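Asks: Predicted model, plus sequence, below.
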Amino acid sequence: MAFISTRGAEKVSAPQAIVRGIAPDGGLYAPESLPRWAREDFAALAQMDYPHRAARILCELLDGFSEEEMLAMTQGAYARFSVPEVAPIKALKDGRSVLELFHGPTMAFKDMALQMLPRLLTASARKLGEHREIAILTATSGDTGKAALEGFRDVEGTSVTVFYPQGGVSAVQERQMVTSQGRNVHVVAVRGNFDDAQTGVKRLFADQGFISEMNRRGKTLSSANSINLGRLAPQVAYYLSACADLLAAGAATWEKGVNICVPTGNFGNILAAWYAKRMGAPIRKLICASNRNDVLTDFIETGVYDRRRPFHKTISPSMDILISSNLERLLLELAHGDTAQVRAWMEQLIRDGSYDIGPERLERLRETFVGGCADDEKTRAAIQRVWREEKYLMDSHTAVAEAVAAAYREKTKDQTPLLIVSTASPYKFSADVAAAIGVPVSGDAFEAAKELESATGVAAPRQVSELKELPVLHNRVCDREKMGEAVLLGFDEQ
């Protein structure tokens, strides 16, 4: 199975795509084709535990790995999750269910992929005869950072540098990152927003002077952001797994299918659901839920992607994004594989701040995708409503999806079974969740967690209570123009 750059004709294997992270022309690696699953494949999947499910799916998506080595990787990756199902589904009322993806070591959905990526990356490097240290550079809007730091901590032959927007993540997210241990981990706050950090990382991958200096030091660059194929493929696995569970439980049928609502910032999570649909999963509509940073909502409505708008800090900070990198992979499909067209759109985005895919491609996009957004007020209302009516506690990102899905159902009267994707533990955003359900908060985020647990009876993950006592190990801050210097300084001090 070959992978191609969204901006050029180069074809590479899965190990090559995983090690590189991003194509030399700046494009993202996308599958040239996808396997197609039948009903019996989903029935068989439902009989397996999650590591066996993931191994089977990943072996079909990624060439170059044997079933035995893939199973060893998935069993290792998901051994640290707090529930045996790894990605359980909880039923709500009115044909709604929640896919819980936050039971990993950092309490966020990023663990589903970032516990796998280090294993895929090091195995891929061995297959390619790569002996240089793999230097991971990644930008985070909150959850990717800690998940990457935890996944790559003390992994031989790797290092990881995480950039996050100063003041742009929650108190718990920041504390998780700056207390990270490991001889090969580096954390840097960037003066700016997430898009500044993400754009800065992309520029380093294209900076030949920086790349040459890294080579001189015996290092080769790769990425842990969702642009890396090794991040995307494990996400496809949990959507196929979820569909198998819904079908087996009778919560969805092949005839009615299921709609999936994903709280979305960088577009990677919902893109994985779209790939699962293309593989044969009975997914009808993909509801793209944004917060007040509603660039994707407007794109799905109009076909115009326009980042020239105010940047808003919200109570769902992991979605505070104006440049959704993974959308580029979907654009390749909308352009019928025309990489020159995708390259032109990306150049136009950089030059003019916007691009227009035109009416024909917009019509194709809207066959599957629905866009919607919820501001902080609607997000708080969703947290409160679901807790009051169903005693289910949602974080502020999952609540964006709940609010958008509810609005979609009310508008369209579509009663197709609905799967809401829950991307983080409510305790990563305990102060906002507590305030939404009327729990008085008298202290910091950690006191808020105690008060939330006391008021609801929903147990806080042990990671939260332990976090406050950990020492701060990373306090470096840099301007966005100095990110390359910050990477090299981290290596000098290592």
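Replies: Arrived safely, thanks for sending.

Asks: helices and strands around the lowest-mean-pLDDT helix or strand in the chain, which ones?
Replies: Here the helix or strand of the chain ranked lowest by mean pLDDT, DSSP states H and E is helix 462-467, holding a mean of 88. Counting contacts by 3 or more Cβ pairs under 8 Å, 6 or more residues apart in numbering; DSSP states H and E, helix 462-467 is packed against helix 171-178, helix 445-456. All C-beta spots, glycine's among them, are computed from the backbone N, C-alpha and C.

Asks: How many neighbouring residues does residue 430 have?
Replies: 29 (other Cβ atoms under 10 Å).

Asks: right, so the helices and strands packed on helix 462-467: which one is the most enclosed?
Replies: Most buried of the helices and strands packed on helix 462-467 by mean neighbour count (mean count of other Cβ atoms under 10 Å) is helix 171-178; its value is a mean of 23.

Asks: for the longest helix along the chain, what is the average pLDDT?
Replies: In terms of residue count, the longest helix belonging to the chain (DSSP state H) is helix 229-249. Across helix 229-249, pLDDT averages out at 97.

Asks: Relative to residue 98, how far out is residue 422?
Replies: Distance of residue 422 to residue 98, computed by Cβ to Cβ, to the nearest Å: 5 Å.

Asks: More neighbours: the two, which one.
Replies: residue 422 (26 against 22).

Asks: residues in contact with the more buried one?
Replies: Applying Cβ atoms under 8 Å, 6 or more residues apart in numbering to residue 422 gives the contacts 98, 99, 100, 101, 102, 109, 394, 395, 398, 401.

Asks: now with 10 Å?
Replies: Applying Cβ atoms under 10 Å, 6 or more residues apart in numbering, we find residue 422 in contact with 87-90, 98-102, 109, 263, 392, 394-395, 397-399, 401-402.

Asks: what does the model give it for pLDDT?
Replies: For residue 422, the model assigns a pLDDT of 98.

Asks: Give me the nearest residue to it, chain neighbours excluded.
Replies: residue 398 (4.2 Å; Cβ to Cβ, 6 or more residues apart in numbering).

Asks: ok, that neighbour - contacts?
Replies: Contacts of residue 398 by Cβ under 10 Å, 6+ apart are 98-102, 109, 261, 263, 289, 316, 379, 382-383, 386, 392, 420-426, 429.

Asks: shared neighbours of residue 422 and residue 98, anything?
Replies: 88, 89, 90, 392, 394, 398, 401, 402.

Asks: Contact partners for residue 487?
Replies: Here residue 487 is in contact with 135, 137, 159, 161, 163, 186, 188, 201, 204, 210, 213-214, 219, 221, 478 (Cβ under 10 Å, 6+ apart).

Asks: Whichever of these end up buried, select them in ChimeraX.
Replies: To isolate the buried ones among the contacts of residue 487 in ChimeraX, judged by 16 or more other Cβ atoms under 10 Å, type:
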select :135,137,159,161,163,186,188,201,204,210,214,219,221,478
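
Asks: Narrow the contacts of residue 487 to those in strands?
Replies: Secondary structure from DSSP state E places 135, 137, 159, 161, 163, 186, 188, 219, 221, 478 of the contacts of residue 487 in strands.

Asks: what is the orientation angle of the helix or strand that residue 380 is a member of with helix 445-456?
Replies: In this assignment (DSSP states H and E), residue 380 forms part of helix 376-390. For helix 376-390 against helix 445-456, the angle by axes from the mean of the first three to the mean of the last three Cα atoms, to 10 degrees is 30 degrees.

Asks: which of the residues in helix 376-390 are buried?
Replies: 376, 378, 379, 380, 381, 382, 383, 384, 385, 386, 387, 390.

Asks: same deal with stretch 348-364?
Replies: Neighbour-count burial for stretch 348-364 [16+ other Cβ under 10 Å]: 349, 354, 355, 357, 361, 362.

Asks: hang on, isn't residue 397 packed against residue 404?
Replies: No - counting by Cβ atoms under 10 Å, residue 397 stays clear of residue 404, with 11.4 Å between them.

Asks: counting contacts, what elements does whichever helix or strand residue 54 is part of pack onto?
Replies: Assigned by DSSP H and E, residue 54 falls within helix 50-61. Judged by 3 or more Cβ pairs under 10 Å, 6 or more residues apart in numbering; DSSP states H and E, the packing partners of helix 50-61 are helix 39-45, helix 67-77, helix 229-249.

Asks: tell me the mean pLDDT for it?
Replies: Computed over helix 50-61, the average pLDDT equals 98.

Asks: quick one: buried residues of it?
Replies: Buried residues in helix 50-61 (16+ other Cβ under 10 Å): 50, 51, 53, 54, 55, 56, 57, 58, 59, 60, 61.

Asks: Using CSV, write out every CA atom in that helix.
Replies: Output of helix 50-61 as CSV, limited to C-alpha atoms (Å, rounded to 0.1, in the frame of the first residue of the first chain):
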residue,chain,number,x,y,z
TYR,A,50,-8.9,-3.9,21.6
PRO,A,51,-5.1,-4.7,21.0
HIS,A,52,-6.1,-7.4,18.6
ARG,A,53,-8.6,-5.1,16.8
ALA,A,54,-6.0,-2.4,16.4
ALA,A,55,-3.4,-4.8,15.2
ARG,A,56,-5.6,-6.3,12.5
ILE,A,57,-6.7,-2.8,11.3
LEU,A,58,-3.2,-1.4,11.3
CYS,A,59,-1.8,-4.3,9.4
GLU,A,60,-4.2,-3.5,6.6
LEU,A,61,-3.5,0.2,6.7
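
Asks: could you give the angle of that helix to helix 229-249?
Replies: Using the same axes, to 10 degrees: helix 50-61 against helix 229-249 is 120 degrees.

Asks: Quick one: residues contacting residue 225.
Replies: Residue 225 neighbours (Cβ under 10 Å, 6+ apart): 21-22, 136-140, 144, 148, 198, 201-202, 231, 266, 268, 325-326.

Asks: do residue 308 as well
Replies: Contacts of residue 308 (Cβ under 10 Å, 6+ apart): 295, 322, 352, 353, 354.

Asks: rerun that using 6 Å as the cut-off
Replies: residue 353 (Cβ atoms under 6 Å, 6 or more residues apart in numbering).

Asks: can you check residue 18 too?
Replies: Applying Cβ under 6 Å, 6+ apart, the residues contacting residue 18 are 120, 121, 124, 229, 230.

Asks: Name the nearest of the residues you listed relative to residue 371.
Replies: Residue 371 has its nearest neighbour among the contacts of residue 18 in residue 229, at 25.6 Å by Cβ to Cβ.

Asks: Fine by me, thanks again.
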